[in-house]
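S.K.: The following comprises the amino acid sequence and a computationally predicted model.
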Amino acid sequence: MHPFRLARRGALACSLLLGLGGVAVSGQPAAAAEQTVCHDASLSHQRTEVDTDVTLPRFDPGLGTLLAVSVPTQTVHLDTDARFQNTAQSSVLFSEDMHYTFALTSPGGLASPPALTGTIPRIPPTTLAPFSGTLDYQGPSSVTEPPTARDAAAAPVTSSDPGVLAAFTGSGTVPFHVKSTISELFNGGGGNIVFQIHTVVAGAVQVCYRYATVEVSGTPPALAPSPPAAVGPSPVVAVPVLTG
């Protein structure tokens, strides 16, 4: 029996190692950032007496969480002038003062500032001559107050009370109320003084909302793909030689 050799070469097995890198996002911690948004509204120039609202928008909750409501500005501007004429048959000693009060009422439970008050001495003590016979506010029987202006500002108001924050949050507007009271004080003059008085007022209100937003600071690192695992040569298996 002739010997024969059985040889088998080549790869008997092949294995593939696949390395899969894990994905990890490493961002920075979330941090709350505070911001402030302000709105302005005005009261147009108009005659007194004034009893009206100045409206401003509520805080938009889409911006974040409202932390505080403040009214840093509430101002009033006053313009006035007057003229007087004695229509009596004799001269008179005359003076006149104007007293004003502006009540500013805040909405939504926010504290209101003290009322703005003041005095304008229109005419100092002045002797007016007897009536001239013509009502024209001219001559020694008359006296004129030149245009007079006054500006007044209320103290700032701030609140973080939950009830106030709720009242100022949402859609629509909130009304700030302005009411004026004007009084005229005549001194002397007898009973025959004719006069013309003009008084107009304007105003402005600003409301500011301090709120918090959530931001993620920093940028997540870029992800690099994992390199494939090295694959070695196929193993060679030795086959025994059979002899006979």
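M.R.: Good, I have the coordinates.
S.K.: centroid residue for this protein?
M.R.: residue 38 (2.0 Å; CA atoms, centre = their mean).
S.K.: helix, strand or coil for it?
M.R.: Three-state assignment for residue 38 (DSSP: H, G, I helix; E, B strand; the rest coil): strand.
S.K.: next one: residue 164
M.R.: helix.
S.K.: Do I have it right that it meets residue 109?
M.R.: Yes. Shown here, residue 164 and residue 109 form a contact pair, counting by CB atoms under 8 Å, at 4.9 Å. Backbone N, C-alpha and C define where each C-beta goes, glycine included.
S.K.: When these two are compared, which one has more neighbours?
M.R.: Shown here are residue 164 and residue 109; by other CB atoms under 10 Å, residue 164 has more neighbours (20 against 15).
S.K.: Which pLDDT value goes with that one?
M.R.: Looking at residue 164, its pLDDT reads 98.
S.K.: Over to the one 3 residues further on?
M.R.: Note for residue 167: predicted pLDDT of 98.
S.K.: go on, residue 13?
M.R.: At residue 13 the predicted local confidence, pLDDT, stands at 38.
S.K.: What residues sit buried inside the strand ranked longest in the chain?
M.R.: Looking across the chain with DSSP state E, the single longest strand is strand 193-216. Buried residues in strand 193-216, counting neighbours by 16 or more other CB atoms under 10 Å, are found at 193, 195, 199, 201-203, 205-211.
S.K.: re the thing from before, pLDDT score assigned to the residue nearest to the centre of the chain?
M.R.: The score at residue 38 is 98. That number is its pLDDT.
S.K.: and what of residue 214?
M.R.: The predicted local distance difference test score for residue 214 is 73.
S.K.: got it, and the one 10 residues further on?
M.R.: You'll see residue 224 listed with a pLDDT of 56.
S.K.: Which stretches in the chain count as strands?
M.R.: 30-47, 51-57, 65-86, 92-105, 116-128, 142-153, 157-159, 173-188, 193-216.
S.K.: Distance to residue 134 added to those strands, as a markdown table?
M.R.: Formatted as a markdown table, the entries for the strands of the chain read as follows, by distance: least, CB to CB, whole Å:
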| stretch | distance to residue 134 |
| --- | --- |
| strand 30-47 | 28 |
| strand 51-57 | 38 |
| strand 65-86 | 9 |
| strand 92-105 | 18 |
| strand 116-128 | 14 |
| strand 142-153 | 10 |
| strand 157-159 | 53 |
| strand 173-188 | 22 |
| strand 193-216 | 12 |
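S.K.: What mean pLDDT does stretch 194-208 get?
M.R.: Stretch 194-208 shows an average pLDDT of 97 in the prediction.
S.K.: Bridge partners for residue 182, pull those for me.
M.R.: The residues paired with residue 182 through beta bridges, assigned by DSSP bridges, are residue 100.
S.K.: what about it, how many neighbours?
M.R.: By other CB under 10 Å, 18 other residues sit near residue 182.
S.K.: And for residue 61?
M.R.: If you count neighbours by other CB under 10 Å, residue 61 ends up with 12.
S.K.: Skip the chain neighbours and tell me the closest residue to it.
M.R.: The shortest distance from residue 61 to any non-neighbouring residue, by CB to CB, 6 or more residues apart in numbering, is to residue 169 (5.5 Å).
S.K.: could you measure the one you found against residue 157, distance?
M.R.: Applying CB to CB, to the nearest Å, one obtains 17 Å for the distance of residue 169 from residue 157.
S.K.: now residue 213
M.R.: For residue 213, the distance to residue 157 under the criterion CB to CB works out to 24 Å.
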